[in-house]
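Chemist: can't give you the sequence, but here's the structure:
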């Protein structure tokens, strides 16, 4: 049995707390449950060692434990679609609000905040807002950052789909 390192720490976070040199094993129990351990198990399925790069969890360790955090039996794709949908709605509303305030001469939403919403998955909503309400679609410096964010998202998605 794996014990948490600190009170209240979820067991699924243990692979992320491993040092970069440690080997972490993903063990599947007979009942279908998954455990992570550094000692190994009967049917070993070693994961990539470590899980920490400069103090941050690796994408592989995130994908290994992601099913433990997905609510209501959603697949990872369904959860990703929900995140993109929610952030797109937030981003669209932020664009709409900024456009309204620009017309009224009120204090605007900082561009960095709009870019943050796009980076967190709201770029489809930002693109839709640029087309429907014609906001932030002429400023070249804004468009360069926007399209870099889109390229980043599509690049990561392509890398993931092609089997990383």
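Modeler: It's in. Since the model is a prediction, treat every value here as computed from it, not as a measurement. Numbers count the residues shown, from 1 in each chain.
Chemist: Give me the domain ranges for the chain.
Modeler: 11-69, 76-161 (automatic domain parsing).
Chemist: Please tell me how far residue 36 sits from residue 26.
Modeler: 6 Å (CB to CB, to the nearest Å). (C-beta placed from N, C-alpha, C; glycine too.)
Chemist: quick one: which of those two has more around it?
Modeler: residue 36 (23 against 18; other CB atoms under 10 Å).
Chemist: between the domains of the chain, which gets the lowest average pLDDT?
Modeler: Lowest mean pLDDT of the domains of the chain: domain 11-69, a mean of 56.
Chemist: what's the distance between residue 148 and residue 35?
Modeler: Distance from residue 148 to residue 35, counting by CB to CB: 40 Å.
Chemist: for this protein, longest helix please?
Modeler: helix 76-104 (DSSP state H).
Chemist: Tell me the first helix or strand C-terminal of it.
Modeler: Where DSSP states H and E defines the elements, the next helix or strand beyond helix 76-104 is helix 111-117.
Chemist: Packing partners of the helix or strand following that next one?
Modeler: Following helix 111-117 in sequence order, the next helix or strand is helix 123-132 (DSSP H and E). Secondary-structure packing of helix 123-132 (3 or more CB pairs under 8 Å, 6 or more residues apart in numbering; DSSP states H and E): helix 76-104, helix 111-117, helix 140-161.
Chemist: buried set for helix 123-132?
Modeler: Across helix 123-132, burial judged by 16 or more other CB atoms under 10 Å covers 123, 124, 125, 126, 127, 129, 130.
Chemist: quick one: that helix to helix 76-104, angle?
Modeler: 40 degrees (axes from the mean of the first three to the mean of the last three CA atoms, to 10 degrees).
Chemist: Now do helix 123-132: everything it contacts.
Modeler: 84, 87-92, 95-96, 99, 114, 117-118, 135-137, 146, 149-150, 153 (CB atoms under 8 Å, 6 or more residues apart in numbering).
Chemist: Give me the phi and psi for residue 36.
Modeler: Torsion angles at residue 36 (phi, psi; degrees, to the nearest 10) stand at phi -110, psi 130.
Chemist: Give me the distance between it and residue 27.
Modeler: Plainly put, residue 36 is 7 Å away from residue 27 if you go by CB to CB.
Chemist: Show me the common contact partners of these two, please.
Modeler: Both residue 36 and residue 27 lack any common contact, where contact means CB under 8 Å, 6+ apart.
Chemist: The nearest residue to residue 111 once chain neighbours are set aside: how many residues sit nearby?
Modeler: The shortest distance from residue 111 to any non-neighbouring residue, by CB to CB, 6 or more residues apart in numbering, is to residue 142 (6.0 Å). For residue 142, the neighbour count with other CB under 10 Å is 16.
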